[in-house]
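Visitor: one predicted model, sequence on top.
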Amino acid sequence: TATTTAGLADRTSELLRSLGAEPLLPSAPNSGEARAARSPVTGETLGLVPVTVTAEEAVTAAASAFAEWSTVPAPVRGAVVRELGELLREHKSALGELVSIEAGKIVSEGLGEVQEMIDICDFGVGLSRQLHGSTIATERPGHRMMEQWHPLGVVAVITAFNFPVAVWSWNTVLALVAGDTVVWKPSEKTPVTAIAVQALADEAARRAGVDLPVTQLVLGERDAGEALVDDLRVALVSATGSTRMGREVAPRVAARFGRVLLELGGNNAAIVCPSADLDLTVRGIVFSAVGTAGQRCTSLRRAIVHESVADDLVDRLAAAYATLPIGSPLDPDTLVGPLIDEDAYTAFAAALDEARADGGIVVTGGERVDGPGVGSADGAAGGVYVRPAVVRMPAQTAVMRRETFGPILYVVTYTDLGDAIAVHNDVPQGLSSSIFTTDLREAERFLSPSGSDCGIANVNIGPSGAEIGGAFGGEKETGGGRESGSDAWKAYMRRTTNTVNYSSELPLAQGVTFGS
Ligand code: NAD
């Protein structure tokens, strides 16, 4: 790993330059207020993040740009998104590498995140010619009733560290096509990829001949997010992150009658039935539970396994986990990269302690291991690396009902599918879910109204790894929002119902008469 992690700060500046963005400022001992960007790969400082505009300034510019942007025809707005997609294709490897350096994703997942941005751009270009309303039969003769979708206003996009660039694109592409302008507040843990993406978005607008600040970047901590949440000029707050954050954001936006789109924590499960194809199940489970070191909102955290196959499945999982290469995400052979920071390790270790106290048995993993960068020149303690854990639990206890953002898979057994579904749904979150079975009745029951209560329910696929064509989001404490494909664009627009009278009479609805 020494060769692949040498000079991450220099490499970051090189990548930023190649993406058309300013490099970071070098770290200095007395750098005052400026904030440092850090890599979870080695724990080292990448440089200082330049100061950008304030939330107030960004919203002022976005609100004034909206007045003009909202009058540009949607297919013309789509041109910005098309240019963005082209730029992302051109710079996929550089941006993917930056995602790996800053968020700690393995190479393939870093590239996959950029591919997801490209996919939503393709979707957005098509959508820009398909924003459509309905015509509806009216009860009044000589009348026509229809609905139209109009641009909404300024959209604030608040994002989490674990999808540092894709979540921005899901929101921004739909918002731009819808005629909205966007102010982005990325996670304070991932400012570098945000700077790179903003540079690409600016270039896309230039190439499309758009001379308006249709997308803007505000770097900062929680207070910058709060300023957007409270700003009356922000029509929609689309916030992705923890349920704790959503609990703070939702009532504040509601108090001013703004709109929210919330994409919050998940606690995703898989039910494994007696008829499951166990080879496929093991592969599906390992990818979903271990990918991104368990730091996806859709990561698999609970396996609810029929008692007849539980021992066999757990043995196979333990064997698969024993071969997982853990280390620098920049090494192409690695499958398990770092946790984002030391706090993530504290939560991981505390959850394992609590599970043990509840009678859980850690079948494999849970240890902390050395990663690259330990004892490196800048005194960084190194990245935070752990062995993914599988824990057999006697029942679904409190620790299993919480989202711990790391690679822990809890396993419980069931006898009756109805009970398994009840356990599955007995958590506060409702994002993604899956069932492994070759029995049609079991699969359909899981997808039915009395099956999974999540926004995403899969058969013979783990809960993670959604594609952009479907609507993405979840129920209960996951927040209820839907982003990305299907008709998620409607959240970024306002609907008007229009009735036109083309007759010379004035019949009233519901047969009401009023005078002569
Ligand atoms: P976080 O909640 O700590 O931070 C998310 C963002 O919210 C950051 O930009 C942060 O600065 C901002 N923020 C925090 N408090 C705020 C407040 N009171 N007002 C305004 N902004 C505020 O989340 P994180 O640790 O970066 O990300 C991990 C979490 O995100 C997990 O719970 C994960 O499940 C969730 N997540 C959900 C989805 C989804 O689509 N459902 C996707 C990715 C991540």
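Guide: Sure thing, it's come through.

Visitor: next, count neighbours for the closest residue in space to residue 490 that isn't next to it in sequence.
Guide: Among residues not flanking residue 490 along the chain, residue 149 sits closest, at 6.8 Å (C-beta to C-beta, 6 or more residues apart in numbering). Glycine gets a C-beta too; all of them are placed from N, C-alpha and C. Close neighbours of residue 149, defined as other C-beta atoms under 10 Å, add up to 18.

Visitor: for residue 149, helix, strand, or coil?
Guide: Under DSSP: H, G, I helix; E, B strand; the rest coil, residue 149 falls in the strand class.

Visitor: tell me the bridge partners for the residue nearest to residue 318 when sequence neighbours are not counted.
Guide: Leaving aside its sequence neighbours, residue 318 sits nearest to residue 364 (C-beta to C-beta, 6+ apart; 4.5 Å). Residue 364 forms beta bridges with residue 390, as assigned by DSSP bridges.

Visitor: enumerate every residue touching residue 364.
Guide: Residue 364 makes contacts with 317-318, 321-322, 387-390, as judged by C-beta atoms under 8 Å, 6 or more residues apart in numbering.

Visitor: quick one: which of the residues you listed is nearest the ligand?
Guide: residue 388 (17.2 Å; C-beta to the nearest ligand atom).

Visitor: ok, for the closest one, nearest residue in space, not its chain neighbours?
Guide: Nearest to residue 388 is residue 407, by C-beta to C-beta, 6+ apart, at 3.5 Å.

Visitor: pull the number of nearby residues for that neighbour.
Guide: 28.

Visitor: go on, residue 171?
Guide: Neighbour tally, residue 171, other C-beta under 10 Å: 30.

Visitor: adjust the sequence numbering to begin at 52 for everything that follows.
Guide: All right, first residue 52 from here; so that's residue 222.

Visitor: pretty sure it belongs to a helix, no?
Guide: Yes: counting by three-state DSSP, residue 222 is located in a helix.

Visitor: distance check, it against residue 289.
Guide: Look at residue 222 and residue 289: by C-beta to C-beta, to the nearest Å, they are 5 Å apart.

Visitor: kindly report the same for residue 341.
Guide: 29 Å.

Visitor: could you identify the helix or strand that succeeds the helix or strand of the chain with the lowest mean pLDDT?
Guide: Taking mean pLDDT, DSSP states H and E as the measure, helix 53-56 is the helix or strand of the chain with the lowest mean score, a mean of 48. Using DSSP states H and E, the helix or strand that follows helix 53-56 in sequence is helix 59-69.

Visitor: next, the buried residues of that next one.
Guide: By 16 or more other C-beta atoms under 10 Å, the buried positions in helix 59-69 come out as 59-60, 62-64, 66-67.

Visitor: SS state for residue 470?
Guide: Residue 470 - assigned by three-state DSSP - is helix.

Visitor: tell me the confidence at it?
Guide: Residue 470 carries a pLDDT value of 98.

Visitor: what about it, how many neighbours?
Guide: 11.

Visitor: so where's the protein uncertain?
Guide: 52-57, 79-85, 424-432 (pLDDT under 70).

Visitor: near the ligand, which residues of it?
Guide: Within the chain, the positions near the ligand by C-beta under 6 Å from any ligand atom are 209-214, 236, 238-239, 272-273, 276-277, 280, 291-293, 296, 299-300, 314-317, 348, 454, 456, 482, 529.

Visitor: list residues touching both of residue 222 and residue 289?
Guide: With C-beta under 8 Å, 6+ apart as the test, residue 222 and residue 289 both reach 206, 208, 312, 534.

Visitor: where do the helices of the stretch 402-551 of the chain begin and end?
Guide: Secondary structure of the stretch 402-551 of the chain (DSSP state H, counting those that start in this stretch): helices located at 468-476, 491-498.

Visitor: just say which of those helices is most tucked in.
Guide: helix 468-476 (a mean of 18; mean count of other C-beta atoms under 10 Å).

Visitor: just checking, what packs against it?
Guide: On a contact count with 3 or more C-beta pairs under 8 Å, 6 or more residues apart in numbering; DSSP states H and E, helix 468-476 meets strand 319-323, strand 351-357, strand 459-465, helix 491-498.
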